[in-house]
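**Q** Give me a 3D structure for the following:
(2 chains)
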Amino acid sequence: MEDQQISQEDNQSMMDKLSALWRVIAIPLAAVLLALVIGAILLAVSGANPFRAYAALVEGSFGSMKAFGRTLAKATPLIFSGLAVAFAFKAGLFNIGAQGQLLFGALASAAAGFMITGLPPFLHATLALLIGATAGALFAAIPGALKAYTGAHEVITTIMLNYVAINMTDYFADGPFKDRTEGNIVARTPEILDSARIPSIGEIPVGFLLAVLAAIIVWWLLWRTTLGFEIRTVGLSPHAAKYAGMKVAATVILTMVISGVLAGIGGAIETQGIVYRYQPGFNAGLGFDGITIALLGKTHPIGIIPAAILIGAMKAGASTMQFNAGVAKEITDVIQALMLFFVTADIIIRKLIRSKAESGETVTLSGWGQQ
Amino acid sequence: MTEENLALEIRNVTKRFPGVLANDNVSFSLRKGEIHALLGENGAGKSTLMNVVYGLYAQDEGEFFIDNKLVEINGPSDAINYGIGMVHQHFMLVPVFSVTENMILGSEVTKGTSLDLNRARKEILKISEAYGLEVDPDAIVEDLPVGVQQRVEILKALYRKANILVLDEPTAVLTPQEAEDLFVVMRQLTEQGVSIIFITHKLKEILNVADRVTVMRRGKVVGHTSPKETDQQGLATMMVGRDVLLEVEKSPAKPEDVVLEVEHLKITDERDVEVVKDISFEVRAGEILGIAGIQGNGQTELVEAMTGLRDATSGKVYLSGETIPFENPRYLVEHGVGHVPEDRHKHGLVLPYDLADNMVLNTYYQKPYAGQMLVRDEQAVLKNALGLIERFDVRAPGPDVAASTLSGGNQQKVIVGREFSRPLKVLIANQPTRGLDVGSIEYIHKEIVKMRDEGIGVVVISAELDEILSLSDRIAIMFRGEIVTIVEAKGTTREQLGLWMAGATPEAVV
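**A** A predicted model of the protein is given here:
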């Protein structure tokens, strides 16, 4: 009798947890479905067969082990940039600069990859990764310090610093770090050494496993450590954080640095696992996609993984779709934009599905207007 | 009943929210030209009932009669059409607009395609004259004192031809003087035939201004009375459902050594105005020093400097003889200073956090809440919360609910629990009972006196004369950044305090 009661209570708390989970994922799920439906309508209007197009998209991203591996590889830097954006978000900071931090991470790890010689493989790859992380961290510390000491809004400074990053990495790839092998006229660095490469286990890229590990560490840091408590408190209420004796300015800088580490590693893994050199244009948009992914994943480290796999799958399957269904692959960008639109304008979805979901921790740009 | 001249009658209204019966078969009648007080603790269902009347919520059961005719109210626009006007606790004004612009917002007077501000302005002047509500129609709202902003809200309702006025805790944001002015306005309005529903939990105000009183408790009407038939004690008992101590019970203080000393403190605020001018005082262990003053006379800044939230221009604060650093709240936490902040939503709590996290907000990094490597011990945090919830009688479903879901009184108990349970030498409580109902006030006062009796030096800052008088052993009165005088609480009268707070010199007051 008593046992039964206990198991009933367990069931009840299980149900509570499930319904809480549902409340969190209902909106992003609906946003994705709605974006796909509208994407299908657009395809139909433009004369293509949406079913064939989507079938090709799925085939190109999940249809084979090779396709799946490609999806995971595409998702890897996106998980990192998504984590970078989400992590800063927890401290109330909107890091639009993940792109710039990622570029510096990619360039720095490439430099370490071709300049440093004579190291054993594991050590060389790790070192290059850490150098990429450091580059991202240093570049993110700038807007962090500007925010903490002058109040300069991080949205503005990170947007502007993205241009600095784009042009500086272009310069290095076409100047000091340029690939001087005969016949090369392209702005790019030399290939990194084999010892700096991050391999795959079968079709599963090791970088992806690192990304999942990073998501778990970020979750643990935010919800299981005092540092995470400080970061979240500063994000929710800087005044209460000050009252509680937390160092608000230092927390802001440290948050940006950790956010930059994540973005930097994202760029480094792209260099060491996919591109094997730094070449301008190859990382375009990865940092910006991080914003979409962070919002789609409800700024939760674990939610970011499926969000990044989804966007990664669309990137991976886009070429197959273009080839098999004769649809321009830019349609995936349109669908991705629609997802972002619906997940941010979630009122529309709430009205459509009459979700009784409580707003809970609403994802708004709480970074605006603070300080 | 029906022969009475009723402006509004509410019959058997029931309103349910998920898991809560907010109004349970509530009936209420408002006579023409009366001030009818609706009294109840926080969460008794007063505001819900008024929001139902105003059409903001739809009732589950029940009907409304206006001028003895059955009406349906399906939204605020219906309510406005039936002549119901509502003044919310938080004003619904656009701060950068002028009084006239705010007034016509939503029912703009036009000439062709452009606004006819001039005609609107004249109309407003006419109304404000007719009801005796003085307001400059061209003033920008954000420049006006809170009391006048409230008058603008009332005028806005009258401009929309309201003859039934609902005032939702109108005095919560006012100084005592502004509250007196409001009561004068309310009486003038009733003389002009306006009927007023006055929501409050302040007993003195009811006796002062109301014609009749309806008391609510836990969603039900528990009684009707009038100021002629009852007194503060009677009202409090009806409202809380048990006998309540309105006076603080305390034995004479046994002051010991000085624990807190403020010496020649000067503070300049963000606008470069000197808001605290050379203040000195001391607090002994085992006594309560009350700091009285009308809001905005430097108390906020003084407390912020004493509690590590603000830097001072010059001067020192000593804690048991040691100089404390400014702008270092953690030093104070670690050296036995408790702080109940003035604004519990801004400083005292992180509203989206659960109670457990809020109860370790400033001790989260200490043992046992954190161990090696910055790792939090969730079990210890939870255990602390369960203990404090029990000891400080926090009414909440559990330690894992967000602080935002609690009533003001219970939120304050969370802060009090957190601060009072640490080993303290000094306790600084700023407006500790603002916005709370009698039951919660009684509880918090009792806890503060208990702290004093345990040998802690207590500073209480309050704008409420009664609170200062009943709680303090000594009283310091602040006016324009200076301490006018420090007196023994015993033998000091409300009138004396009031005069000092208004700037009279100590000698002038006998």
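**Q** Against B:Arg330, how distant is the residue lying closest to A:Ala196 once chain neighbours are set aside?
**A** Leaving out its chain neighbours, the residue that sits closest to A:Ala196 by Cβ to Cβ, 6 or more residues apart in numbering or on different chains is A:Gly113, at 3.6 Å. C-beta coordinates here come from the backbone N, C-alpha and C atoms, glycine included. Between A:Gly113 and B:Arg330 the distance is 44 Å, computed by Cβ to Cβ, to the nearest Å.
**Q** Specify which residue of these two has the higher count of neighbours.
**A** A:Gly113 (30 against 16; other Cβ atoms under 10 Å in any protein chain shown).
**Q** Ends of stretch B:246-259, what's the gap?
**A** One end of stretch B:246-259 sits 30 Å from the other (Cα to Cα, to the nearest Å).
**Q** any idea of the mean pLDDT for it?
**A** Averaged across stretch B:246-259, pLDDT comes to 89.
**Q** just stretch B:165-185 next, same as before
**A** 84.
**Q** from the middle of its chain, how far away would it be?
**A** The chain centroid and the centroid of stretch B:165-185 are separated by 12 Å under Cα atoms, centre = their mean, to the nearest Å.
**Q** Show me which positions of it end up buried.
**A** Within stretch B:165-185, the residues scored as buried using 16 or more other Cβ atoms under 10 Å in any protein chain shown are B:165-171, B:173-175, B:178-183, B:185.
**Q** I'd assumed the residue nearest to A:Ala196 was in a strand, is it?
**A** No: counting by DSSP: H, G, I helix; E, B strand; the rest coil, A:Gly113 is not part of a strand but helix.
**Q** Helix, strand or coil: sort out the residue in chain A positioned nearest to chain B for me.
**A** Relative to chain B, the nearest point of chain A is A:Gly245 (3.1 Å; Cβ to the nearest Cβ). Three-state assignment for A:Gly245 (three-state DSSP): coil.
**Q** if I read this right, it contacts B:Pro329, doesn't it?
**A** Yes: between A:Gly245 and B:Pro329 a contact is recorded at 4.2 Å, counting by Cβ atoms under 8 Å.
**Q** List the residues that are in contact with both of those two.
**A** B:Gly308, B:Asn362 (Cβ atoms under 8 Å, 6 or more residues apart in numbering or on different chains).
**Q** thinking again about what came up before, so the residue nearest to the residue of chain A closest to chain B when sequence neighbours are not counted is in which element?
**A** Using Cβ to Cβ, 6+ apart and skipping residues adjacent in sequence, the residue nearest A:Gly245 is B:Arg330, 3.1 Å away. Assigned by DSSP states H and E, B:Arg330 belongs to helix B:329-334.
**Q** got a list of what B:Trp326 touches?
**A** Wrong residue type there; residue B:326 is Phe, not Trp. Residues counted as contacts of B:Phe326 (Cβ under 8 Å, 6+ apart) are B:Ala305, B:Gly308, B:Arg310, B:Asp311, B:Ala312, B:Val317.
**Q** at 7 Å what do you get?
**A** For B:Phe326, the contact set (Cβ atoms under 7 Å, 6 or more residues apart in numbering or on different chains) comprises B:Ala305, B:Gly308, B:Asp311, B:Ala312.
**Q** Now A:Ala98, what are its backbone angles?
**A** phi -50, psi -30 (degrees, to the nearest 10).
**Q** err, A:Ile96, not the other one
**A** The phi/psi pair for A:Ile96 (degrees, to the nearest 10) is phi -80, psi -10.
**Q** So for residue 329, what's the nearest residue that isn't a sequence neighbour?
**A** I went with chain A, as the question did not name one. A:Ala318 (3.7 Å).
**Q** oops, I was thinking of chain B
**A** B:Gly308 is the one closest to B:Pro329 (Cβ to Cβ, 6+ apart), at 3.6 Å.
**Q** and that neighbour, that's in a strand?
**A** No: checked against three-state DSSP, B:Gly308 lies outside a strand; its state is coil.
**Q** Tally up the residues packed near A:Phe323, please.
**A** The burial count for A:Phe323: 12, using other Cβ under 10 Å.
**Q** Next, the buried residues of the helix or strand containing it.
**A** In the assignment (DSSP H and E), A:Phe323 maps to helix A:301-325. Judged by neighbour count using 16+ other Cβ under 10 Å, the buried positions of helix A:301-325 are A:301, A:303-318, A:320-322, A:324-325.
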